[in-house]
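**Q** Next comes the sequence, and after it the predicted model I'd like to discuss.
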Amino acid sequence: MELVTTQEQSRAQLFAGDFPRITKAITIAASVGALIVGTVLGKITKGAATKAAKSGGNTGDGTLTLDETTPILAGAIAGVYKVRVIRAALAQVGTTPAVPAQKAIAELVDPLGNVLDVFDLPTTPGITVSNQVKFAMVEGSTAFALGDGFDITIAAGSGYYKPYDEDNIDGSEKAVAILAEAVASSSSVTKTIAYVTGHFNEAALTGIDAAAKKDFEGTPIVIGSLN
């Protein structure tokens, strides 16, 4: 029986059943503090976000600006998000009846090819889009042409592990493992091991919450109790 120390219970049994337990070697990110056995871990799968005009450049001189505070939002994945103009702006045509002016329309596509958002593209002050990535886009003095756009790249993360937190945005907002060996506080990365299968006692886990339990559903990590 493996015992762990938690904030709520000084000594608790980690395992709630005899489901096969498998560990894997992992690397803990630097400067995350001391971690105890039973800490719920997430994996850093996403790095920084950057943007650039699409390959070949744009006809229009409008801009796309990543949000300074939260350019990466929940659900984002590493890879290239494409923002493309799918209809250029149309000026009013003075025929009878007149054809009204139309704003440009753009779409946001994720790295897997899924269309996340379709939006009108007005002139100043433009529009803010918040769907996995957050940015502001605005037409310039020269209108965007059909096919103009920008690429938003979320770099791959380090692959290191850190304590799970639903509010993180680097990939560790998803619970994926349970720490099997305590880690002392360190300013450098640390090699250790984590459980990737097993039946665990919820009362002995640090950082477990409803969202983490949802993440573990359908995986070889089962959360239960001793009762």
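**A** Right, received. Where do you want to start?
**Q** what about Thr128, how many neighbours?
**A** For Thr128, the number of neighbouring residues by other CB atoms under 10 Å comes to 13. C-betas here are computed from N, CA, C, even on glycine.
**Q** Also the one 10 residues further on?
**A** Residues lying near Val138 (other CB under 10 Å) number 17.
**Q** separation between it and Phe119?
**A** In this structure, Val138 lies at 12 Å from Phe119, with CB to CB, to the nearest Å as the measure.
**Q** Give me the common contacts of those two.
**A** Counting by CB atoms under 8 Å, 6 or more residues apart in numbering, the common neighbours of Val138 and Phe119 are Ile127.
**Q** For the residue nearest in space to the middle of the chain, give me its contacts.
**A** Taking CA atoms, centre = their mean, the centroid of the chain lies closest to Ala76, which sits 3.8 Å from it. Counting by CB under 8 Å, 6+ apart, Ala76 touches 46, 132-133, 154, 169.
**Q** nearest residue to Ile44 other than its sequence neighbours?
**A** Taking CB to CB, 6 or more residues apart in numbering as the measure, Ile44 lies nearest to Gly157, with 3.9 Å between them; neighbours along the chain are not counted.
**Q** Revised request: answer the last question for Gly149.
**A** In this structure, Gly149 finds its nearest non-sequential neighbour in Arg84, 3.8 Å apart by CB to CB, 6+ apart.
**Q** Identify the residues contacting the one helix or strand the one you found maps to?
**A** Element membership for Arg84, per DSSP states H and E: strand 79-87. Residues from elsewhere that reach strand 79-87 (CB under 8 Å, 6+ apart): 54, 60, 64, 102, 104-112, 116, 118, 121, 129, 132-133, 135, 137, 144-154.
**Q** Could you measure from Lys162 over to Ser187?
**A** Separation of Lys162 from Ser187 (CB to CB) stands at 14 Å.
**Q** longest strand of the protein?
**A** Of all the segments of type strand in the chain, defined by DSSP state E, the longest one is strand 190-201.
**Q** so how far is Thr124 from Gly38?
**A** Gly38 is 53 Å from Thr124, where distance means CB to CB.
**Q** got it, and Val176?
**A** Shown here: Val176 relative to Thr124, a distance of 44 Å by CB to CB.
**Q** So for those two, which sits in the more crowded spot?
**A** Counted by other CB under 10 Å, Val176 and Thr124 do not tie: Val176 has more neighbours, with 21 against 7.
**Q** Just the pLDDT for the residue nearest to that one when sequence neighbours are not counted.
**A** Across the structure, with CB to CB, 6+ apart as the measure, the residue nearest Val176 apart from its sequence neighbours is Lys43 (5.3 Å). Note on Lys43: pLDDT of 97.
**Q** same question, Thr96
**A** 58.
**Q** Please report the distance of Gly157 from Ile72.
**A** Taking CB to CB as the criterion, Gly157 is separated from Ile72 by 11 Å.
**Q** just the helices in the protein please.
**A** 210-216 (DSSP state H).
**Q** Any regions of the protein where pLDDT drops low?
**A** Counting by pLDDT under 70, the chain has low-confidence residues at 1-12, 92-100, 227.
**Q** Confirm for me that Ile77 is in contact with Asp110.
**A** Yes. Proximity of Ile77 to Asp110 meets the contact threshold set by CB atoms under 8 Å, at 7.0 Å.
**Q** Can you pull the residues that touch both of these two?
**A** Counting by CB under 8 Å, 6+ apart, the shared contacts of Ile77 and Asp110 are Gln132.
**Q** Brilliant, that's me finished.
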